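*Asks:* below is the sequence, then the predicted model.
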Amino acid sequence: MGNKVALEGNEAVAEAMRQINPDVVAAYPITPSTEVVQNFAQYVADGEVDTNFVAVESEHSAMSACLAAAVAGGRVMNATSANGLALMWEILYIVSSLRQPVILTVVNRALSGNINIHCDHSDTMGARDTGWVQLYAEDVQEAYDNLIQSVRIGENLDVRLPVMSCLDGFLLSHSYELLEVEDDAAVQEWVGPYIPDKPLLDISDPKTVGPLDLYDFYFEHKRSQMAAYPPAKQAIIAEGKSFGEAFGREYGLLDGYQLDDADLAIVALGSTCGTIRDIVEQQRAAGVKAGMLKIRAFRPFPAEEVAAALGGCKAIAVLDRAASFGAHAGPLYHEVTSALYTYRKQIPTNNYIYGLGGRMILPEELTSVYDDLQQVAADGQPAEPVSFLGLRE
Amino acid sequence: MSHYPPNAKWQEMARAGIIPQAGNAQEYSVAGWRNERPVRDDECCINCLFCWVYCPDNAAPVKEQSVKGLGFDLVHCKGCGICAAVCPKDCIAMKAETEFKD
């Protein structure tokens, strides 16, 4: 049985890392993820883990060291935010191309400029094409649970991909919430030992990793990498179910709330989903058939499942906590409407950009979204291509 | 990437493009990168071995302290021209690849 404790999101993540006891952590601190690495470094100093902790001089070096340790044959973890993630960019692609299941906690923070340390999703949305699996947590419990599941999702032999376990900066990382922390032995048994795939340190089996790869085979290798994402989707479902059997909290690609008979749905990522649940309750009490779709797995994007989950709605609002500059709407909107179009669901869909740089999202703003959706459903077409919540205009 | 058949399909690729052998750069021909080919005049050559020392691709072979008569390793020579530039007797000419039939 687990213990009910109150922890900040960062503390919960560091606790999960302590329980997983990875071989190598190479990290560089950045707000708001600093505490993850700071607390974990304390565990290393106190001898509570066997991890080789590498203090590096930048995030580019951090991810490079993680890649090298993973290729050598280790279970590797790391944590960062925003500009730190940006500095890792080049190596992010190489980690996924080399199919190394490195686990990276990303505490979501606005990517400059101007400089801002608070939550939005511009950092990980920018990294959506890097080949990493991305899970977004709604609360501290899920941040803890997602990190543990990330290990088995990434290490699944049909998958072998790196995973970003994302949680909202400050809103979750620095908020105390009650959660179940499972027993060390139970977590370790569920996670299991690491079985590296063709490790470089196996000198009885010499090999070459990451060589020059030009027009003769690069395309085939990239196509082969693309084939790893459908199994990753299956692994997220399977591991979420297995986790539920072991610890009583089951997870999937998506989480629909009051969605089955909903006419009006809001689609969102992360901690905002918790607020939306309350608004859905209020709307239902007022007789509105309101629902919510939480996207837990943004990469691989569960397009078919999203279209199926939203297929019965009359109007949809997609909430983006990031701008995609120069695009006609936010990044989540593009994914959701593309899924609807691909699977022949013609449903009017509004886009709202909110919460940039930590701007608070208020319950009355979410209520106004459902009010808008009543009109959209009546009109049969979306109002504005993009609207803004909480913006002075 | 010589361990695949030339027309291998994507389904046949090794995960992550790993090559199941070490130290195989030698097997990769860069002859196609070359625009100009070094040609040494062995009559003029004084065997100073500068071409052997300076070649960045180890493509100026030497045997028993002599480069004479050995030409260049045209599988690994990229045609950079460093050998011609450092030759103290100007014995190495860089000739257009179009002049050669092979």
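*Replies:* Received it, and whenever you're ready, just let me know what you need. Numbering: from 1, shown residues only, chains lettered A, B, ... in the order given.

*Asks:* show me what the strand or helix carrying residue A:365 is packed up against.
*Replies:* If you go by DSSP states H and E, residue A:365 is part of helix A:363-379. With contacts taken as 3 or more Cβ pairs under 8 Å, 6 or more residues apart in numbering or on different chains; DSSP states H and E, helix A:363-379 sits against strand A:264-268, helix A:272-285, strand A:315-320, strand A:349-354, strand A:386-389. C-beta coordinates here come from the backbone N, C-alpha and C atoms, glycine included.

*Asks:* could you export the ones you listed as CSV, including distance to residue A:69, mean pLDDT and mean neighbour count?
*Replies:* Listed next are the helices and strands packed on helix A:363-379 as CSV, based on distance: least, Cβ to Cβ, whole Å; pLDDT from 0 to 100; neighbours: other Cβ atoms under 10 Å in any protein chain shown:
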stretch, distance to residue A:69, mean pLDDT, mean neighbour count
strand A:264-268, 35, 98, 27
helix A:272-285, 34, 98, 18
strand A:315-320, 35, 98, 27
strand A:349-354, 38, 98, 24
strand A:386-389, 42, 96, 17
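
*Asks:* check contacts around residue A:315.
*Replies:* By Cβ atoms under 8 Å, 6 or more residues apart in numbering or on different chains, the contact set of residue A:315 is A:263, A:264, A:265, A:347, A:348, A:349, A:350, A:373, A:374, A:376, A:377, A:382.

*Asks:* distance to residue A:146 added to those, as TSV?
*Replies:* TSV is the format used below for the contacts of residue A:315 (distance: Cβ to Cβ, whole Å):
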residue	distance to residue A:146
A:263	31
A:264	28
A:265	23
A:347	29
A:348	32
A:349	27
A:350	28
A:373	29
A:374	34
A:376	33
A:377	33
A:382	32
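
*Asks:* quick one on the thing from earlier: the helix holding residue A:365: which residues count as buried?
*Replies:* With burial defined by 16 or more other Cβ atoms under 10 Å in any protein chain shown, the residues of helix A:363-379 counted as buried are A:365, A:366, A:367, A:369, A:370, A:372, A:373, A:374, A:376, A:377.

*Asks:* is it true that the last one touches residue A:288?
*Replies:* Just to be clear, that refers to residue A:377. No: with contact defined as Cβ atoms under 8 Å, residue A:377 does not count as touching residue A:288 (10.3 Å).

*Asks:* for the closest residue to chain B within the stretch 251-393 of chain A, phi and psi?
*Replies:* Taking Cβ to the nearest Cβ, chain B has its nearest neighbour within the stretch 251-393 of chain A at residue A:300, 17.3 Å off. Note on residue A:300: its backbone torsions stand at phi -60, psi 140 [degrees, to the nearest 10].

*Asks:* what number of residues lie near the nearest residue to it once chain neighbours are set aside?
*Replies:* Of all residues not flanking residue A:300 in the chain, residue A:229 sits nearest, at 4.0 Å (Cβ to Cβ, 6 or more residues apart in numbering or on different chains). As a burial measure, residue A:229 scores 16 neighbours (other Cβ atoms under 10 Å in any protein chain shown).

*Asks:* and residue A:229, what does it touch?
*Replies:* If you count contacts by Cβ under 8 Å, 6+ apart, residue A:229 has them with A:161, A:299, A:300.

*Asks:* quick one: residues contacting residue A:88.
*Replies:* Each residue near residue A:88 by Cβ under 8 Å, 6+ apart is listed here: A:59, A:60, A:62, A:63, A:80.
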